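Participant: coords below, sequence missing:
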(Lines give C-alpha, C1' and ligand atoms only; values in the text may rest on other atoms or scores of the structure.)
Protein backbone atom coordinates (compact mmCIF):
# COMPACT_ATOMS: atom_id res chain seq x y z
CA UNK A 1 0.00 0.00 0.00
CA UNK A 2 2.98 2.31 0.53
CA UNK A 3 4.95 3.56 -2.45
CA UNK A 4 7.87 5.74 -3.43
CA UNK A 5 7.36 9.39 -2.54
CA UNK A 6 4.52 8.75 -0.07
CA UNK A 7 4.15 10.41 3.30
CA UNK A 8 2.79 7.99 5.88
CA UNK A 9 1.81 8.43 9.50
CA UNK A 10 2.55 5.64 11.95
CA UNK A 11 1.16 5.58 15.46
CA UNK A 12 2.97 4.31 18.54
CA UNK A 13 1.80 0.69 18.20
CA UNK A 14 3.97 -2.39 18.02
CA UNK A 15 1.90 -3.36 14.99
CA UNK A 16 3.05 -0.21 13.15
CA UNK A 17 6.59 -0.82 14.44
CA UNK A 18 6.51 -4.22 12.71
CA UNK A 19 6.14 -2.39 9.35
CA UNK A 20 9.42 -0.52 9.69
CA UNK A 21 11.73 -3.13 8.15
CA UNK A 22 9.77 -3.06 4.91
CA UNK A 23 9.61 0.75 4.87
CA UNK A 24 13.40 0.99 4.63
CA UNK A 25 13.09 -0.58 1.18
CA UNK A 26 10.98 2.30 -0.20
CA UNK A 27 12.80 5.26 -1.72
CA UNK A 28 11.83 8.86 -1.01
CA UNK A 29 9.41 7.86 1.74
CA UNK A 30 8.54 10.26 4.55
CA UNK A 31 7.36 8.84 7.87
CA UNK A 32 5.52 10.97 10.43
CA UNK A 33 5.25 9.40 13.88
CA UNK A 34 4.81 10.08 17.56
CA UNK A 35 6.69 6.88 18.40
CA UNK A 36 10.22 7.28 19.71
CA UNK A 37 10.81 3.59 19.00
CA UNK A 38 9.85 3.95 15.34
CA UNK A 39 12.05 7.05 14.97
CA UNK A 40 14.99 5.13 16.47
CA UNK A 41 14.29 2.12 14.27
CA UNK A 42 14.07 4.13 11.01
CA UNK A 43 16.87 6.62 11.75
CA UNK A 44 19.57 4.49 10.03
CA UNK A 45 17.48 4.17 6.83
CA UNK A 46 18.92 6.67 4.38
CA UNK A 47 15.93 6.39 2.04
CA UNK A 48 13.39 7.44 4.68
CA UNK A 49 12.74 11.02 5.76
CA UNK A 50 11.55 11.20 9.37
CA UNK A 51 9.29 13.66 11.10
CA UNK A 52 9.05 13.02 14.82
CA UNK A 53 6.07 14.55 16.54
CA UNK A 54 6.87 16.20 19.84
CA UNK A 55 4.78 16.56 22.93
CA UNK A 56 4.69 15.03 26.39
CA UNK A 57 6.61 11.77 26.52
CA UNK A 58 4.76 8.65 27.69
CA UNK A 59 7.25 5.99 28.82
CA UNK A 60 4.45 3.41 28.90
CA UNK A 61 3.96 3.75 25.15
CA UNK A 62 7.42 5.09 24.22
CA UNK A 63 5.56 7.87 22.44
CA UNK A 64 4.83 11.57 22.46
CA UNK A 65 1.26 12.66 23.16
CA UNK A 66 -0.75 15.72 24.10
CA UNK A 67 -1.59 19.06 22.59
CA UNK A 68 1.84 19.74 21.05
CA UNK A 69 1.75 16.39 19.26
CA UNK A 70 -1.78 16.98 17.99
CA UNK A 71 -1.01 20.52 16.80
CA UNK A 72 2.08 19.33 14.93
CA UNK A 73 0.03 16.71 13.10
CA UNK A 74 -2.70 19.19 12.23
CA UNK A 75 -0.19 21.31 10.28
CA UNK A 76 0.40 18.43 7.83
CA UNK A 77 -1.23 16.37 5.15
CA UNK A 78 -0.25 12.73 4.80
CA UNK A 79 -1.09 10.08 2.24
CA UNK A 80 -1.81 7.24 4.67
CA UNK A 81 -2.18 6.86 8.42
CA UNK A 82 -1.55 3.45 9.91
CA UNK A 83 -3.00 3.16 13.40
CA UNK A 84 -3.78 0.30 15.72
CA UNK A 85 -6.40 -0.38 18.36
CA UNK A 86 -6.20 -2.24 21.64
CA UNK A 87 -9.60 -3.82 21.16
CA UNK A 88 -12.39 -4.21 18.62
CA UNK A 89 -15.95 -4.98 19.59
CA UNK A 90 -18.46 -5.33 16.80
CA UNK A 91 -17.66 -2.51 14.39
CA UNK A 92 -15.95 -0.21 16.89
CA UNK A 93 -12.25 0.14 17.77
CA UNK A 94 -11.16 1.00 21.31
CA UNK A 95 -8.03 1.91 23.25
CA UNK A 96 -7.40 2.14 26.96
CA UNK A 97 -5.69 5.58 27.05
CA UNK A 98 -7.31 8.86 25.98
CA UNK A 99 -4.04 10.69 25.17
CA UNK A 100 -3.04 7.90 22.80
CA UNK A 101 -6.46 8.05 21.12
CA UNK A 102 -6.04 11.78 20.52
CA UNK A 103 -2.71 11.23 18.74
CA UNK A 104 -4.22 8.45 16.61
CA UNK A 105 -7.27 10.59 15.76
CA UNK A 106 -5.00 13.48 14.79
CA UNK A 107 -3.13 11.25 12.32
CA UNK A 108 -6.44 9.97 10.95
CA UNK A 109 -7.70 13.53 10.55
CA UNK A 110 -4.96 14.62 8.14
CA UNK A 111 -4.66 11.41 6.11
CA UNK A 112 -6.03 10.79 2.65
CA UNK A 113 -6.29 7.09 3.53
CA UNK A 114 -6.83 5.66 7.04
CA UNK A 115 -5.71 2.09 7.76
CA UNK A 116 -6.46 0.18 10.94
CA UNK A 117 -3.92 -2.51 11.81
CA UNK A 118 -5.34 -5.06 14.24
CA UNK A 119 -4.16 -8.58 14.87
CA UNK A 120 -6.96 -11.13 15.20
CA UNK A 121 -6.60 -11.32 19.00
CA UNK A 122 -8.00 -7.77 19.26
CA UNK A 123 -11.43 -8.76 17.96
CA UNK A 124 -14.26 -9.44 20.38
CA UNK A 125 -12.44 -7.64 23.18
CA UNK A 126 -13.04 -4.26 24.76
CA UNK A 127 -11.11 -1.34 26.19
CA UNK A 128 -12.54 1.69 27.94
CA UNK A 129 -12.30 4.47 25.33
CA UNK A 130 -13.76 4.51 21.83
CA UNK A 131 -11.18 5.24 19.13
CA UNK A 132 -13.39 5.08 16.04
CA UNK A 133 -16.01 3.19 14.14
CA UNK A 134 -14.37 0.77 11.71
CA UNK A 135 -16.26 2.56 8.93
CA UNK A 136 -14.01 5.59 9.57
CA UNK A 137 -11.11 3.56 8.14
CA UNK A 138 -10.60 3.02 4.45
CA UNK A 139 -9.10 -0.40 5.15
CA UNK A 140 -8.92 -2.73 8.15
CA UNK A 141 -6.01 -5.18 8.03
CA UNK A 142 -5.81 -8.22 10.28
CA UNK A 143 -4.20 -11.65 10.22
CA UNK A 144 -5.66 -14.95 9.08
CA UNK A 145 -6.42 -15.95 12.67
CA UNK A 146 -9.62 -13.89 12.62
CA UNK A 147 -12.80 -15.85 13.29
CA UNK A 148 -14.52 -16.31 9.90
CA UNK A 149 -17.86 -15.27 11.45
CA UNK A 150 -16.28 -12.01 12.65
CA UNK A 151 -14.79 -11.38 9.19
CA UNK A 152 -18.21 -11.97 7.63
CA UNK A 153 -19.85 -9.56 10.10
CA UNK A 154 -17.35 -6.85 9.16
CA UNK A 155 -17.77 -7.37 5.44
CA UNK A 156 -21.57 -7.40 5.80
CA UNK A 157 -21.24 -4.04 7.58
CA UNK A 158 -19.40 -2.65 4.54
CA UNK A 159 -15.94 -2.67 6.13
CA UNK A 160 -13.07 -3.08 3.65
CA UNK A 161 -11.23 -5.98 5.31
CA UNK A 162 -7.87 -7.33 4.20
CA UNK A 163 -6.57 -10.52 5.74
CA UNK A 164 -2.82 -11.10 5.79
CA UNK A 165 -1.44 -14.60 5.85
CA UNK A 166 0.92 -14.82 8.81
CA UNK A 167 3.46 -17.63 9.11
CA UNK A 168 2.80 -19.80 12.17
CA UNK A 169 6.23 -18.92 13.60
CA UNK A 170 5.33 -15.19 13.61
CA UNK A 171 2.02 -15.54 15.45
CA UNK A 172 1.83 -13.90 18.82
CA UNK A 173 4.83 -11.64 18.29
CA UNK A 174 2.96 -8.33 18.48
CA UNK A 175 1.97 -7.08 21.90
CA UNK A 176 -0.51 -4.46 20.73
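Facilitator: On my side now, so go ahead. As the structure is a computational prediction, the values presented were derived from the model and not from experiment.

Participant: make it CA atoms for all contacts and neighbour counts henceforth
Facilitator: Noted.

Participant: Does residue 83 lie in a helix or a strand, and which?
Facilitator: Element membership for residue 83, per DSSP states H and E: strand 78-84.

Participant: helices or strands up against that strand?
Facilitator: Other helices and strands packing on strand 78-84, by 3 or more Cα pairs under 8 Å, 6 or more residues apart in numbering; DSSP states H and E, are strand 7-10, helix 14-17, helix 98-109, strand 111-117.

Participant: how about those, which one is nearest residue 137?
Facilitator: Among these, the nearest to residue 137 by Cα to Cα is strand 111-117 (4.9 Å).

Participant: Paired strands for the closest one, with orientation please.
Facilitator: strand 78-84 (parallel), strand 139-143 (parallel) (DSSP bridges).

Participant: ok, now which ones touch residue 154?
Facilitator: 90, 91, 160, 161 (Cα atoms under 8 Å, 6 or more residues apart in numbering).

Participant: From residue 157, how far out is the first one?
Facilitator: When Cα to Cα, to the nearest Å is the yardstick, residue 90 and residue 157 sit 10 Å from each other.

Participant: Flag the shaky bits of the chain, pLDDT-wise.
Facilitator: Within the chain, the set of residues satisfying pLDDT under 70 comprises 168-176.
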